[in-house]
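Participant: Starting from these lines, generate the structure:
(one chain, ligands or ions: 1)
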Amino acid sequence: MTSVGVCPVAHGQVNLFDRAFIESPDGLLAELRETAPVHFDEITGCWLVSKHADIRTVLSKPQLFRPENALTAVTHIDPSALRILARVGFELPATLANNGGTSHAELRSLVRQFFAPAMISAVLPLIRELASDAAELVKQDLDAGDEADLVALVTRDLPARVLIALLHLEDIDLPTLKRWSSDSLELFWGNPDAERQRELAVQAAAFYSWLRGRITSADPLGSSLFSVLAAHRTAEGCALRVQESIGICYFLLVAGQETTTQFLSTVLRKLIGQPELWRRLSKAGAFPDELIASECVEEVLRLETPVVTWRRITTDEVLLGDQVLPAGAQVLLMLAGSGSDPDVFQDPERFLPGRDAARQHLAFGFGRHYCLGATLARMEAQEVLLILARELPDIQLKQTQPPMLGLLSFRAPLRLLVTNTPR
Ligand code: HEM
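Facilitator: Got it, this is the predicted structure:
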């Protein structure tokens, strides 16, 4: 699994880590959907499922297609890296995304209270303040030099700050949290060699130990996520296992902000790259004008979701499309390409804010495990888009092809250089 080579499909194989595929995945995703909608990929050992209808079928049959492999490392982890994790008792038991069992509903509703509409409305002023401050920093950089990086100044930290407020967490060092979470993503969804795995494992282990400390010392009467987990008693009157609480926090603190950072970066790239729409957004005032922002956000979710794939595992032999999958088959749902499926979306390649069936994409999954952060992610993207376009109506992209994060399940620009359009 190297990232060299130009053609991602070689000798009937698809290299999902190939740079050419990461930079421009649409052609291959369409080819897979049309010619091999259920395709066994020898490199990852997964069955790639590409049609919208098949992905929906998989997600709506949780007894046949279980989610227990959702957080399993895709690359073989070297024993030396495993030892680093074992030293801190690293374990991610079935809790949310990786839980097809009976405890899922209870744990999901425990966490859902933090994402209730009133809680999300309460962080709206913070989102607006952070986006306005970030726009100011961009202006300063543009005034001082000739370029500014929207990832470093706008999208990298904003979602984490919002999440920390939403979960009522305190004393969190943001750069450390960002390092722990991006290293965790790379360890579990990347293609690192043994040496890099050891570096990443050190960070993941530090994150895990820190979470253990925070959870075991949490005040059960407090209002933070840590406190709520410490205070919780199951229907049988039992406390959660510490590993379960750590697993919930580990997943939430990573998925709840890294995905949104990635999404905001893609939204900005996509919209700044369409000057007419950017100008329209820059003039959008209050409702109903601002509908345009939410419609643009929806189109980016459909066409370029940051969570490009998600996994399931079969419990039994099952027919999917024209292929029979054995029991225990690793299934990789190609969420990214499914938003361009012509069976569901007319003129799928066109960016059409407000199109019919706009919300039928599968960017947030479907069914029992549907993303708990969907409303929050949409709101953050909409606000950032409106505020940045209003404050920076004249910016343009400096690079057409920015460096990209390219993990098995996550894809987004890592840098987004803009300049002011010469008048
Ligand atoms: C644009 C940003 C995001 C995308 C594209 C995204 C996508 C996804 C996807 C594809 C799933 C799996 C769904 C399934 O298995 O059917 C998922 C699950 C989940 N997401 Fe998100 N997510 C995003 C942001 C967030 C945020 C901001 C949070 C929390 C603050 C969050 C929390 C969760 C949780 C808790 C689950 C597991 C739900 C369960 O298993 O019951 N996500 N997300």
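Participant: Would you mind listing what in the protein touches the ligand?
Facilitator: Within the chain, the positions adjacent to the ligand are 59, 67, 96-97, 108, 163, 252, 255-256, 259-260, 263, 305-307, 310, 363-367, 369-373, 376-377 by C-beta under 6 Å from any ligand atom. The C-beta positions use only the backbone N, C-alpha and C, and glycine is treated the same way.
Participant: Can you list which of those residues are found in strands?
Facilitator: Secondary structure from DSSP state E places Trp310 of the residues of the chain next to the ligand in strands.
Participant: tell me the pLDDT at Ala286?
Facilitator: Ala286 is assigned 65 on the pLDDT scale.
Participant: buried stuff in stretch 197-214?
Facilitator: Burial within stretch 197-214, assessed by neighbour count using 16 or more other C-beta atoms under 10 Å, is assigned to 197-198, 200-201, 203-208, 210-212, 214.
Participant: List only buried entries from the residues of the chain next to the ligand.
Facilitator: By 16+ other C-beta under 10 Å, these give 59, 67, 96-97, 108, 163, 252, 255-256, 259-260, 263, 305-307, 310, 363-366, 369, 371-373, 376-377 as buried.
Participant: ok, the closest residue to Leu416 other than its chain neighbours - contacts?
Facilitator: If the residues on either side of it in the chain are set aside, Leu416 comes closest to Leu150, at 4.1 Å by C-beta to C-beta, 6 or more residues apart in numbering. Contacts for Leu150 were tallied using C-beta atoms under 8 Å, 6 or more residues apart in numbering; they are Val138, Ser265, Leu268, Leu388, Leu416, Leu417, Val418.
Participant: could you redo the last one with a cut-off of 7 Å?
Facilitator: Val138, Leu268, Leu416, Val418 (C-beta atoms under 7 Å, 6 or more residues apart in numbering).
Participant: Tabulate those residues (CSV), appending pLDDT, secondary structure and neighbour count.
Facilitator: Listed next are the contacts of Leu150 as CSV, based on pLDDT from 0 to 100; DSSP: H, G, I helix; E, B strand; the rest coil; neighbours: other C-beta atoms under 10 Å:
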residue, pLDDT, secondary structure, neighbour count
Val138, 98, helix, 21
Leu268, 98, helix, 27
Leu416, 98, coil, 25
Val418, 98, strand, 25
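Participant: which among those gets closest to the ligand?
Facilitator: Of all those, the ligand sits closest to Leu268, with 13.2 Å by C-beta to the nearest ligand atom.
Participant: Nearest residue to that closest one in space, please, no chain neighbours.
Facilitator: Closest residue in space to Leu268, ignoring its immediate chain neighbours: Leu150 at 5.4 Å, by C-beta to C-beta, 6+ apart.
Participant: Kindly report the same for Phe366.
Facilitator: Leu59 (4.1 Å).
Participant: these two touch, right, that neighbour and Phe364?
Facilitator: No. Counting by C-beta atoms under 7 Å, Phe364 is not a contact partner of Leu59; they are 10.5 Å apart.
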